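1. coordinates only, no sequence provided:
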Ligand SMILES: [Zn+2]
């Protein structure tokens with residue numbers, strides 16, 4: 001049985017009986033892997049409670065070619081993204097990112113770019129700065145990696161280039177921008193300014209941190225961009241994301257509690 005020791009992020013874990021855990025993790029070299037960690041809830045020496053979200057760990061596991069699940073032997077800490085646990089909004093954003101990856105990534109495969117995307121997202125969330133549009137930059141880049149990158153430069157119907165300004169649309173089922181003329185034919189599912197479509201296009205192609213700095217809180221493009229990205233994600237993944245709904249509900253409650261509108 002081959003043995004591997006790889007840097008990995010835990011995406012999700014489930015308790016199995018009194019002491020074992022089933023763990024889904026994204027490893028640098030072998031992509032998304034699921035395995036059993038026997039005694040994980042009891043053995044501080046082998047696991048130390050490190051099979052947890054928002055940690056980069058070195059996972060040590062055996063793979064049996066005849067079985068889907070690997071056998072996790074132990075893990076050690078590489079990096080703890082501690083500040084995420086101290087900020088509710090960042091924690092919820094991180095949970096959304098992990099749920100998305102657990103949901104959409106295939107098991108095994110070359111997923112180094114996905115690993116790097118998650119590392120960039122968690123790294124940003126650990127900084128002493130506003131979370132900003134971290135989740136939406138994450139989703140825009142994830143769609144690009146997923147191979148369902150929407151088309152923004154030209155109208156998805158008539159192929160005419162979109163002008164530099166004006167109100168355009170976006171069609172979720174057709175996966176792209178819709179020009180002013182085609183909007184009148186009722187093909188767009190969302191209305192969006194050209195600056196919003198341009199933002200979404202740039203997010204997909206630029207480094208994570210630069211993407212965040214393109215738009216800060218209060219930017220009018222963010223509301224449109226979030227609605228388009230969420231609808232497009234749900235369309236392709238097939239159902240809504242529980243973490244995203246929870247995040248919206250919790251943050252809305254918090255705003256109400258603070259007396260904000
Ligand atoms: Zn058109």
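-> Thanks, I have it. The shown structure was predicted, so the numbers you read here are calculated from the model rather than taken from an experiment.
2. rest of the way, CA atoms for contacts and neighbours
-> Fine.
3. next, residue 251: secondary structure please.
-> On the three-state scheme (DSSP: H, G, I helix; E, B strand; the rest coil), residue 251 is labelled helix.
4. any idea how far it lies from the ion?
-> Note on residue 251: its distance to the ion, by Cα to the ion, to the nearest Å, is 37 Å.
5. count the residues that sit near that residue.
-> 14 (other Cα atoms under 10 Å).
6. wait, what's in contact with the residue nearest to it when sequence neighbours are not counted?
-> Distances taken as Cα to Cα, 6 or more residues apart in numbering place residue 89 nearest to residue 251, at 7.2 Å, with adjacent residues excluded. Residue 89 sits next to 131, 247, 251 when contact means Cα atoms under 8 Å, 6 or more residues apart in numbering.
7. any idea which element the second one lies in?
-> Okay, so that is residue 247. Under the criterion DSSP states H and E, the helix or strand holding residue 247 is helix 242-257.
8. chain center to that helix: distance?
-> Its chain's C-alpha centre and that of helix 242-257 lie 18 Å apart, by Cα atoms, centre = their mean, to the nearest Å.
9. now do it, average pLDDT.
-> Average pLDDT, helix 242-257: 89.
10. what does it rub up against?
-> Contacts of helix 242-257 (Cα under 8 Å, 6+ apart): 89, 92, 93, 95, 96, 99, 261.
11. list only buried entries from the residues you listed.
-> Among these, those classed as buried by neighbour count (16 or more other Cα atoms under 10 Å) are 89, 92, 93, 95, 96, 99.
12. closest one to the ion out of those, please.
-> The ion lies nearest to residue 96 out of the buried ones among the contacts of helix 242-257, by Cα to the ion, at 33.8 Å.
13. and the strands in the chain, which stretches?
-> For the chain, the strands defined by DSSP state E cover 3-16, 20-27, 31-37, 55-62, 70-80, 167-171, 176-178, 190-193.
14. the last one pairs with which strands, parallel or anti?
-> Meaning strand 190-193. Strand 190-193 has the following sheet partners, assigned by DSSP bridges: strand 167-171 (antiparallel).
15. isn't residue 7 up against residue 58?
-> Yes. Using Cα atoms under 8 Å, residue 7 makes contact with residue 58 at a distance of 4.4 Å.
16. now do the shared contacts for the two.
-> Common contacts of residue 7 and residue 58, defined by Cα under 8 Å, 6+ apart, comprise residue 78.
17. stretch 209-229: end-to-end distance?
-> With Cα to Cα, to the nearest Å as the measure, stretch 209-229 spans 18 Å from end to end.
18. what residues of that stretch count as buried?
-> For stretch 209-229, burial by neighbour count (16+ other Cα under 10 Å) applies to 211, 212, 215, 221, 222, 224, 225, 226, 228, 229.
19. would you check how far apart the last one and residue 5 are?
-> Per Cα to Cα, residue 229 is found 36 Å from residue 5.
20. other residues contacting stretch 52-64?
-> By Cα under 8 Å, 6+ apart, the residues outside stretch 52-64 that reach it are 1-13, 50-51, 69-82, 84, 94, 122.
21. can you give me the offset of that stretch from its chain's centre?
-> Chain-centre distance of stretch 52-64: 19 Å, with Cα atoms, centre = their mean.
22. that one - what's its average pLDDT?
-> Averaging pLDDT along stretch 52-64 gives 95.
23. list the buried residues of that stretch.
-> For stretch 52-64, a neighbour-count test (16+ other Cα under 10 Å) marks 52, 53, 54, 55, 56, 57, 58, 59, 60, 61, 62, 63 as buried.
24. dump the buried ones among the contacts of helix 242-257 to a markdown table, plus distance to residue 39 and pLDDT.
-> Conversion of the buried ones among the contacts of helix 242-257 to a markdown table gives the following (distance: Cα to Cα, whole Å; pLDDT from 0 to 100):
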| residue | distance to residue 39 | pLDDT |
| --- | --- | --- |
| 89 | 32 | 93 |
| 92 | 28 | 95 |
| 93 | 30 | 96 |
| 95 | 25 | 95 |
| 96 | 28 | 94 |
| 99 | 25 | 94 |
